[in-house]
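Engineer: Sequence below, structure please.
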Amino acid sequence: MSDPKNLFAALFEPRRIALIGASADPAKTTSRPQRFLRKHGFTGEILPVNPSRGEILGEKAYKDLDAIPGDIDHAYILLNGAAAVTALADCARRSVKVASILAGGFADAGAAGASLQDELTRIVRETGIRLVGPNSIGTVSTDPAVALTANAAFAVDKLRTGRWAVVSQSGSLIGALLSRADARGIGFSRLISVGNEVDLAVGEISDLLVDDPRTDAILLFMETLRDGERLAHAARRAHAAGKPVIAYKLGRSSIGQELAKSHTGAIAGSDATFDAFCRRHGIARVAMFESLIDVPPLLVDRPPSRGSRVAVATTTGGGAAMVVDNMAVAGLDIAGPPRALVDWLKPLGIAAGDGKLVDLTLAGAKPEIVAGTIERLLADDANDAVIFVVGSSAQFNPELAVEPLLRFAKSTKPFAVALTPAADKSLALLTAAGVPAFRHPESCAEALALCLLRKPLQQVPALQEPSVAALGALEAGRVSGFDERRAADLFATLGVPMAKSMAVPDAKRIVAAVAEVGAPVVLKILSADIAHKTEAGGVALGLQDGQTAAIAAREMEKRVRAHAPQARLEGFLVQKMERGLAEVILGFRRDPLVGPTITVGLGGVLAEIYRDAATRLAPVGEAEARQMIDEVKGLATLRGYRNLPKGDVAALARTIAAFSNLAHKTFDGVAEAEINPLLVKREGESVVAVDGLVVLR
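Structural biologist: Numbers count the residues shown, from 1 in each chain. Now for the predicted structure:
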């Protein structure tokens, strides 16, 4: 089905739904879709398919799909294993517009299940039928009402309508999000469980939701990323349409990083690369599950902020301190009260000018003081957002410090309320009025940071066409293998300044090479089979003359052969000994989920221990490269920290941008590349790379 409008209608607004494997037994999961459809107001046709029944739950049942007259918009397959595969083939033959499969036991269940999933993939590819799942617990719309789901959470008496859509790779988490939102009076427009994503995945479904007039925000629960290119496209379209895309993703641990062959692959890891993906394409990634429902009110219909200063007023000093602490960690600044507010509060016995918090505790929670304080804070141009933190009165007397806040719901400046006690009534009251309200100081800070620290979406930098020299260096490495010499040749063609060096085939030629390069020198073993020479004993530093270097070469060869007896040795690299103010690690990696990435970090042999790095999608421009440098704490010295000499940050940024051109399709065979270290010299003296690694796919 190529028309997005027809696909959207079949997914979220079907009028004729077949339930293949429907059951009349209310104790069975397979009875839920039919019961939930009617319970929540579906007015279309339900077409149960069960060869042993003529009627199910008051609806006429059919022995098979062929017995159903007319078109079928959506078929929910409630069968398991091979029977589900057969049912999908039947749906394709009947030209069913969209099918969903409830059952798991496919690629999520080992080799046998993977074989069944391959069959599903084949049917989709050969017939063009669109598929949700397998392992999809269903698809739900609240307007028009279509609760096509087997999720027990939809046994609730009533589904709230709302303006946010949920796309989840976990079915059960849809129920968790639904219950948390319902407790606060929040509803959704659409909810869909995508399961194993054989066909329809998060990206394409999000793209459909961008054009949905009933959806103002798209919330994603993700376990992995299977269609990054499509999700990037959808997120950028959503940004242009003013619809925030907010993602919670599992996988912040380091599992899987050991697969990387470069140091930077291990440093960045899958989580940092997903962060880079979100940053590039304007997706707001949240760290707390509940933030999926906390964050949208502060992002919908709000342009990027002009600054990061937050004014805080409170009726609980301790509660406000928790909020302020978390906001500071999130990178926000706390703005002090304006003079107009200080002067207004002084006759009331409130000393608001003694600190940055406006603490109304001693005055008691009085509606007129609360409202007057917020009014003056919102009018102050010295802050960019206002938060009011409410103490015990939120639980027992919402009329004192909560109800006065409702009139600020339409404030043009971001305004939010944090509740210290468990105060469900106040939370629902604020939510219903449209005032962003939070139960946790952490999610409050996270939401404010996403609101205020968002940057306008940038265009992806253009890639430079590789030079003839670059193509030649790439081909030489492909044919003979990428030892350090050939890696250096490739990097030089990209515009990376490389240390002067000379390759020699054996120790006999070391003396002449040292004379040519100029002492002192660094001596390195040359082998495309040894990724990290230091660990193999293949590096000697600060050699002062040719004879010393020749002796070092013979000893080095013995060490390396003992460490890696199978490695092919191609000689030695004699390199000019260079020094700089700082060592930087610069890495490129073709990430399996998000594509080409670039990482900058504190370099040297301890790079993986420090893990002090910044990662972006490649390519990057010089301005973005400067942002990356600023994020690496260990490189603060290059900016003249405590009167230390400044490094050539401009040259470093140019080199990062040039190196990121490995993202060009010409270099598609390069899986990973790394410079460690890249030495940064004094301001105006450039940078120089002294070690390089290229790993081909």
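Engineer: how many other residues sit next to His563?
Structural biologist: Burial measure for His563: 14 neighbouring residues, criterion other C-beta atoms under 10 Å. For glycine as for every other residue, the C-beta is placed from the backbone atoms N, C-alpha and C.
Engineer: contacting residues around it?
Structural biologist: In this structure, His563 makes contact with Glu535, Ala536, Gly537, judged by C-beta atoms under 8 Å, 6 or more residues apart in numbering.
Engineer: again, but for Val323
Structural biologist: Neighbour list for Val323: Val312, Ile387, Val389, Ala418, Pro441, Cys444, Ala445 [criterion: C-beta under 8 Å, 6+ apart].
Engineer: Ignoring the adjacent residues along the chain, who's closest to it?
Structural biologist: In space, Val323 comes closest to Pro441 once its chain neighbours are excluded; the distance is 4.5 Å by C-beta to C-beta, 6 or more residues apart in numbering.
Engineer: Was I right to think the one you found contacts Met322?
Structural biologist: Yes. If you go by C-beta atoms under 8 Å, Pro441 and Met322 touch, sitting 4.1 Å apart.
Engineer: ok, back up a step: closest to Leu225 among the contacts of Val323?
Structural biologist: Each of the contacts of Val323 was checked against Leu225 using C-beta to C-beta; the closest is Ala445, at 26.1 Å.
Engineer: Quick check: the closest one touching Gly331?
Structural biologist: No. At 9.4 Å, Ala445 does not count as touching Gly331 under the criterion of C-beta under 8 Å.
Engineer: Name the residue in these two with the higher neighbour count.
Structural biologist: Neighbours per residue (other C-beta under 10 Å) separate Ala445 from Gly331, with Ala445 holding more: 26 against 11.
Engineer: Sticking with the more buried one, tell me its helix or strand.
Structural biologist: When elements are assigned from DSSP states H and E, Ala445 belongs to helix 441-452.
Engineer: packing partners for that helix?
Structural biologist: With contacts defined as 3 or more C-beta pairs under 8 Å, 6 or more residues apart in numbering; DSSP states H and E, the secondary structure elements packing on helix 441-452 are strand 283-286, helix 291-294, helix 296-299, helix 317-329, strand 385-390, strand 415-419.
Engineer: sorry, back to before: list only buried entries from the contacts of Val323.
Structural biologist: Neighbour counting over the contacts of Val323 (16 or more other C-beta atoms under 10 Å) leaves Val312, Ile387, Val389, Ala418, Pro441, Cys444, Ala445 as the buried ones.
Engineer: ok, the helix or strand hosting Val167: who's next to it in the sheet?
Structural biologist: Assigned by DSSP H and E, Val167 falls within strand 161-168. Listed by DSSP bridges, the sheet partners of strand 161-168 and their directions read strand 188-193 (parallel), strand 217-222 (parallel).
Engineer: coming back round to it: for the residue nearest to Val323, what are its contacts?
Structural biologist: Contact partners of Pro441, counting by C-beta under 8 Å, 6+ apart, are Gly319, Met322, Val323, Asp325, Asn326, Ala418.
Engineer: Then Gly187?
Structural biologist: For Gly187, counting by C-beta under 8 Å, 6+ apart, the contacting residues are Thr142, Leu159, Arg160, Thr161, Gly162, Ala181.
Engineer: now that we have those residues, which one has the most neighbours?
Structural biologist: Neighbour counts for those peak at Gly162, which has 24 neighbours (criterion: other C-beta under 10 Å).
Engineer: Nearest spatial neighbour of that residue, chain-adjacent residues omitted?
Structural biologist: Across the structure, with C-beta to C-beta, 6+ apart as the measure, the residue nearest Gly162 apart from its sequence neighbours is Gly187 (3.3 Å).
Engineer: now do Leu586
Structural biologist: Counting by C-beta to C-beta, 6+ apart, the nearest residue to Leu586 once its immediate chain neighbours are dropped is Ile675, at 4.5 Å.
Engineer: Show the backbone phi and psi for the one you found.
Structural biologist: Backbone geometry at Ile675, expressed as degrees, to the nearest 10, gives phi -120, psi 120.
Engineer: Over to the one 10 residues further on?
Structural biologist: Backbone geometry at Glu685, expressed as degrees, to the nearest 10, gives phi -110, psi 0.
Engineer: Tell me how far stretch 398-408 lies from the chain's centre.
Structural biologist: In terms of C-alpha atoms, centre = their mean, to the nearest Å, the centre of stretch 398-408 is set 36 Å apart from its chain centre.
Engineer: and of the helices and strands packed on helix 441-452, who's closest to Lys243?
Structural biologist: Checked against C-beta to C-beta, the stretch from these lying closest is helix 296-299, at 9.2 Å.
Engineer: Using PDB, write down the CA coordinates of the helix or strand following that closest one.
Structural biologist: Sequence-wise, the next helix or strand downstream of helix 296-299 (DSSP H and E) is strand 309-314. Output in PDB follows, covering the C-alpha atoms of strand 309-314 (Å, rounded to 0.1, in the frame of the first residue of the first chain):
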ATOM      1  CA  ARG A 309      17.600  31.100  33.200                       C
ATOM      2  CA  VAL A 310      14.900  29.700  35.400                       C
ATOM      3  CA  ALA A 311      13.200  31.700  38.200                       C
ATOM      4  CA  VAL A 312      12.000  29.600  41.200                       C
ATOM      5  CA  ALA A 313       9.400  30.400  43.800                       C
ATOM      6  CA  THR A 314       8.300  28.000  46.500                       C
END
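Engineer: and strand 309-314, how far from the chain's centre?
Structural biologist: 29 Å.
Engineer: which secondary element of the chain has the worst mean pLDDT?
Structural biologist: Within the chain, judged by mean pLDDT, DSSP states H and E, the helix or strand with the poorest mean is helix 607-610; its value is a mean of 66.
Engineer: Give me the angle between the helix holding Ala445 and strand 385-390.
Structural biologist: Using axes from the mean of the first three to the mean of the last three C-alpha atoms, to 10 degrees, the direction of helix 441-452 lies 160 degrees away from that of strand 385-390.
Engineer: Can you mark which positions in helix 441-452 are buried?
Structural biologist: By 16+ other C-beta under 10 Å, the buried positions in helix 441-452 come out as Pro441, Glu442, Ser443, Cys444, Ala445, Glu446, Ala447, Leu448, Ala449, Leu450, Cys451, Leu452.
Engineer: In the stretch 451-600 of the chain, mark out all the strands, start to finish.
Structural biologist: Secondary structure of the stretch 451-600 of the chain (DSSP state E, counting those that start in this stretch): strands at 501-504, 521-525, 539-543, 572-576, 582-591, 595-602.
Engineer: Tell me which other helices or strands the third one touches.
Structural biologist: Going back to what we said before, that points to strand 539-543. Packed on strand 539-543, when contacts are counted by 3+ C-beta pairs under 8 Å, 6+ apart, are strand 521-525, helix 546-563.
Engineer: likewise the last one?
Structural biologist: Counting contacts by 3+ C-beta pairs under 8 Å, 6+ apart, the secondary-structure elements packed against strand 595-602 are helix 263-281, strand 582-591, helix 607-610, strand 613-617, helix 622-631, helix 649-659.
Engineer: from memory the residue nearest to Leu586 sits against Leu662, does it?
Structural biologist: No. The pair formed by Ile675 and Leu662 falls short of the contact definition of C-beta under 8 Å, at 11.2 Å.
Engineer: winner for burial among the helices and strands packed on helix 441-452?
Structural biologist: Scoring the helices and strands packed on helix 441-452 by mean neighbour count under mean count of other C-beta atoms under 10 Å gives strand 385-390 as the most buried, with a mean of 28.
Engineer: could you say what helices and strands that strand packs with?
Structural biologist: Using 3+ C-beta pairs under 8 Å, 6+ apart as the contact test, the elements touching strand 385-390 are strand 309-314, helix 317-329, helix 367-378, strand 415-419, helix 441-452.
Engineer: which element is the nearest residue to Arg230 once chain neighbours are set aside on?
Structural biologist: Take Arg230 and drop its neighbours on the chain: the residue closest to it by C-beta to C-beta, 6+ apart is Gly203, 3.1 Å away. Here Gly203 sits within helix 202-210, counting by DSSP H and E.
Engineer: which helices and strands does that helix pack with?
Structural biologist: helix 4-12, strand 161-168, strand 217-222, helix 228-240.
Engineer: CA atoms only: put the last one into CSV for me.
Structural biologist: Listed in CSV are the C-alpha atoms of helix 228-240, where the atom choice follows Å, rounded to 0.1, in the frame of the first residue of the first chain:
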residue,chain,number,x,y,z
GLY,A,228,17.0,5.2,11.5
GLU,A,229,16.8,6.9,8.1
ARG,A,230,13.0,6.9,8.1
LEU,A,231,12.8,8.0,11.7
ALA,A,232,15.3,10.9,10.9
HIS,A,233,13.0,11.9,8.0
ALA,A,234,9.9,11.8,10.2
ALA,A,235,11.5,13.7,13.1
ARG,A,236,12.6,16.5,10.8
ARG,A,237,9.1,16.7,9.2
ALA,A,238,7.6,16.7,12.7
HIS,A,239,9.9,19.5,13.8
ALA,A,240,8.9,21.6,10.7
